[in-house]
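Peer 1: I would like to see how this sequence folds:
(one chain, ligands or ions: 2)
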Amino acid sequence: MANNITYKEFSDEKNYTALASEVMSVRARGEVPLACIRTYGCQQNVADSEKIKGMLSDMGFGFTENAEDADFILFNTCAVREHAEDRVFGNVGALKNIKRKYPSVLIGLCGCMMEQKHVTERLYKSFPFVGLVFGTHSLHKFPELFYNSITSGKRIYETGVDDKTVYEGIPTRRDGTFKGWLPIMYGCNNFCTYCIVPHTRGRERSRKLEDVVSEAKEMIEAGYKDITLLGQNVNSYGKNLEEKVTFAQLLSEIDKIEGDYWIRFMTSHPKDCSKELIDVIARSKHVSSHLHLPFQSGNDRVLKAMNRSYNREKYLDIVNYAKEKIPDLSLTTDIIVGFPGETYEEFLDTVSLIKEVEFASLFTFIYSPREGTPAAKMPDPYTHEEKTKWFAELLKAQEPISAKHCAKMVGKIYRVLVDGKNDKEDLLTARTSGNIIVEFPGDESLIGQFANVKITESKNWILRGELV
Ligand code: 5AD
Ligand code: SF4
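Peer 2: Numbering: from 1, shown residues only. Ligands and ions are numbered 1, 2, ... in the order given. The predicted model follows:
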């Protein structure tokens with residue numbers, strides 16, 4: 001059972017925020033101390049960075065995109081695939097010059113990579129200019145860790161903590177003003193054999209329903225119009241709470257909040273995605289018609305080796321039910337190509353599944369071995385080159401499907417949320433409830449607002465339209 005503690009209760013013991021603020025007011029190079037926060041990886045990391053920025057704001061920090069100007073540089077890292085890891089090591093190496101030029105700058109690293117022993121050992125040995133390292137379980141202690149590293153002159157490493165507490169009330173400084181992330185749970189219990197997340201983020205723990213609902217209310221009152229509920233497997237929300245509650249119940253509670261807004265959620269796991277949940281989406285007023293439901297592989301043997309706990313038939317069953325119940329449903333998915341031992345014939349089952357389901361779009365990955373996961377020890381006879389060819393074949397197969405999905409929307413009117421501008425073509429950019437991109441001419445004052453747009457043209461996976 002997870003404990004719940006408020007951040008305030010925890011941080012008031014010794015007010016490190018005020019202490020750090022005092023030190024930084026003297027130590028800053030400019031008028032106010034500046035922080036440069038770079039976030040790698042998934043939305044959970046983005047949400048964590050928003051909390052770190054909230055805590056830094058309370059310490060009097062301003063923010064900059066330019067590492068050269070910063071008094072504090074922090075990389076929030078991702079461990080899901082090798083590529084992300086390599087990028088982090090490369091980019092940290094490049095900070096050495098900044099530290100040499102401005103010795104008072106503090107360089108820190110946090111996030112999933114910092115929960116891997118081989119990573120922190122390498123950092124400790126090869127990157128002595130990194131002064132602060134903390135893992136995903138120590139976010140709430142950030143003011144204390146930060147204060148200790150700027151005052152002790154020692155390198156502070158806080159990793160490998162296994163904390164099952166949910167810390168409520170950590171200040172959040174959101175990047176967006178009308179689109180926002182709302183974590184509803186942390187960690188994962190699924191142990192898919194390829195995945196590092198349960199090892200870096202620990203066991204699943206849910207926030208209490210009333211805490212999530214009240215944060216959603218605050219966001220809606222503050223003008224957020226597109227709120228994404230976050231969790232590694234939102235469908236198992238509530239399982240560890242004292243008062244048993246399901247994700248479907250949470251969604252219907254949030255849906256009752258007055259206002260003009262959309263609710264999205266990610267990520268769903270097919271094994272726990274219930275028909276009850278689909279019914280709630282279909283009945284709801286605010287839940288968007290977008291379902292991100294990763295299937296990873298279309299082949300039952302591979303799914304079993306991945307420890308995914310569903311098969312192709314069960315996946316199709318829930319997807320077909322969702323298609324039947326939710327009009328204009330936009331389905332997206334995650335796929336891994338080249339899981340250890342996957343044959344070309346087995347890969348073709350993935351291709352046939354995307355043709356059968358007709359997803360709006362795919363998030364596709366070539367398998368990347370992660371140290372400490374069971375799949376990393378499985379025989380992996382196919383070369384990266386072969387897997388890259390299969391990967392290209394998959395993308396090619398999806399192209400006409402995405403195009404068809406968009407072409408079907410031409411001539412219809414959709415409600416969209418305007419989210420920015422395509423300066424090159426002087427068009428506004430927006431998203432439908434199904435998360436499809438629409439571009440159309442209009443005034444910039446519409447950014448952050450809902451609008452009705454008639455779709456006039458489809459260009460592969462992007463739509464063009466006009467205001468109605
Ligand atoms: N290799 C490749 N892709 C992976 N993913 C997770 N772990 C790995 C890995 N080791 C993908 C899965 C998951 C998405 C977030 O990242 O498809 O759904
Ligand atoms: Fe990783 Fe599987 Fe958990 Fe997703 S459900 S975070 S893929 S272990």
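
Peer 1: near residue 209, how many other residues are there?
Peer 2: By the criterion of other CB atoms under 10 Å, residue 209 has 19 neighbours. Where C-beta positions appear, they are placed from N, C-alpha and C, glycine not excepted.

Peer 1: list the contacts for it?
Peer 2: Neighbour list for residue 209: 238, 241, 243, 245, 249-250, 253 [criterion: CB atoms under 8 Å, 6 or more residues apart in numbering].

Peer 1: closest one of those to residue 202?
Peer 2: Taking CB to CB as the measure, residue 202 lies nearest residue 241 of those, at 16.5 Å.

Peer 1: what about the residue lying closest to the closest one once chain neighbours are set aside, distance to residue 456?
Peer 2: With sequence-adjacent residues excluded and distances taken as CB to CB, 6 or more residues apart in numbering, residue 241 is closest to residue 206, at 5.4 Å. Distance of residue 206 to residue 456, given as CB to CB, to the nearest Å: 44 Å.

Peer 1: and what of residue 377?
Peer 2: Counting by CB to CB, the gap from residue 377 to residue 456 is 53 Å.

Peer 1: for residue 412, same thing?
Peer 2: Following CB to CB, the distance that separates residue 412 from residue 456 is 10 Å.

Peer 1: and the contacts of residue 209, which is the shakiest by pLDDT?
Peer 2: Ranked by pLDDT, the contacts of residue 209 bottom out at residue 243, which scores 89.

Peer 1: please report how far it lies from ligand 2.
Peer 2: 24 Å (CB to the nearest ligand atom, to the nearest Å).

Peer 1: one more: residue 69?
Peer 2: Relative to ligand 2, and taking CB to the nearest ligand atom, residue 69 is found at 35 Å.

Peer 1: also residue 266?
Peer 2: 10 Å.

Peer 1: pretty sure that residue is touching residue 227, no?
Peer 2: No - Residue 266 is not in contact with residue 227 according to CB atoms under 8 Å; the separation is 11.7 Å.

Peer 1: those two: which has the busier surroundings?
Peer 2: A direct count of neighbours by other CB under 10 Å for residue 266 and residue 227 places residue 227 higher, at 24 against 21.

Peer 1: pretty sure the more buried one contacts residue 180?
Peer 2: Yes - using CB under 8 Å, residue 227 is in contact with residue 180, at 5.5 Å.

Peer 1: overlap in contacts of the two?
Peer 2: Residues touching both residue 227 and residue 180 (CB under 8 Å, 6+ apart) are residue 219.

Peer 1: more neighbours: residue 206 and residue 456, which one.
Peer 2: residue 206 (25 against 13).

Peer 1: okay, and the helix or strand of this protein with the least pLDDT?
Peer 2: One helix or strand of the chain scores below all others by mean pLDDT, DSSP states H and E: helix 7-11, with a mean of 70.

Peer 1: helices or strands up against the next helix or strand after that helix?
Peer 2: Downstream of helix 7-11, the first helix or strand assigned by DSSP states H and E is helix 16-27. Counting contacts by 3 or more CB pairs under 8 Å, 6 or more residues apart in numbering; DSSP states H and E, helix 16-27 packs against helix 43-58, helix 142-152.

Peer 1: so which residues of the stretch 51-200 of the chain form strands?
Peer 2: For the stretch 51-200 of the chain, applying DSSP state E, counting those that start in this stretch gives strands covering 62-63, 72-77, 106-111, 132-134, 156-158, 166-168, 179-183, 185-186.

Peer 1: er, the stretch 301-450 of the chain actually
Peer 2: In the stretch 301-450 of the chain, the strands defined using DSSP E, counting those that start in this stretch lie at 330-337, 361-366, 413-422, 427-432, 437-440, 450-459.

Peer 1: pipe those into TSV and attach distance to residue 221 and mean pLDDT per row.
Peer 2: Formatted as TSV, the strands of the stretch 301-450 of the chain follow (distance: least, CB to CB, whole Å; pLDDT from 0 to 100):
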stretch	distance to residue 221	mean pLDDT
strand 330-337	28	97
strand 361-366	32	97
strand 413-422	18	96
strand 427-432	22	97
strand 437-440	27	97
strand 450-459	17	96
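
Peer 1: low-confidence bits of this protein, can you list those?
Peer 2: In the predicted model of the chain, residues 1-3, 8-13 satisfy pLDDT under 70.

Peer 1: longest helix in it, please.
Peer 2: helix 384-407 (DSSP state H).

Peer 1: contacts for that helix, please.
Peer 2: Against helix 384-407 from outside (CB under 8 Å, 6+ apart): 330, 335, 337-338, 344, 347, 350-351, 354-355, 358-362, 364, 366-367, 436, 458-463.

Peer 1: show the buried residues in those.
Peer 2: Among those, those classed as buried by neighbour count (16 or more other CB atoms under 10 Å) are 330, 335, 337-338, 347, 350-351, 354, 358-362, 364, 366-367, 436, 458, 461, 463.

Peer 1: ok, residues contacting stretch 251-267?
Peer 2: 43, 184, 209, 212-213, 216-217, 220-221, 224-234, 247, 277, 280-281, 283-288, 290, 292, 294, 334, 417, 433, 435, 450.

Peer 1: among these, name the ones in helices.
Peer 2: Per DSSP H, these map to helices at 43, 209, 212-213, 216-217, 220-221, 247, 277, 280-281, 283.

Peer 1: between the residues you listed, identify the one with the most neighbours.
Peer 2: Result: residue 247 is most packed of the ones in helices among the contacts of stretch 251-267 (other CB under 10 Å), 27 neighbours.

Peer 1: is the residue nearest to residue 241 bridged to anything, and to what?
Peer 2: residue 185 (DSSP bridges).

Peer 1: just to revisit the earlier point, to ligand 1, which of the helices and strands packed on helix 16-27 lies closest?
Peer 2: For ligand 1, the closest of the helices and strands packed on helix 16-27 is helix 43-58, at 10.1 Å, according to CB to the nearest ligand atom.

Peer 1: quick one: is that closest one near ligand 1?
Peer 2: No - contact of helix 43-58 with ligand 1 (CB under 6 Å from any ligand atom) is absent, the minimum separation being 10.1 Å.

Peer 1: by how many degrees do that helix and strand 179-183 diverge?
Peer 2: If you take axes from the mean of the first three to the mean of the last three CA atoms, to 10 degrees, helix 43-58 sits at 100 degrees to strand 179-183.

Peer 1: between helix 43-58 and strand 106-111, how many degrees?
Peer 2: Using the same axes, to 10 degrees, helix 43-58 lies at 150 degrees relative to strand 106-111.

Peer 1: which residues does helix 43-58 contact?
Peer 2: By CB under 8 Å, 6+ apart, helix 43-58 touches 17, 21, 35, 37, 39, 63, 72, 74, 76-78, 110-112, 136, 139, 142-143, 170-175, 181-183, 186, 201, 228, 230, 232, 266.

Peer 1: now swap in stretch 347-362 and tell me
Peer 2: With CB under 8 Å, 6+ apart, stretch 347-362 has contacts from 295, 297-299, 302, 312, 315-316, 319, 330-335, 337-338, 390, 393-395, 397-398, 401-402, 404-405, 434-436, 461.
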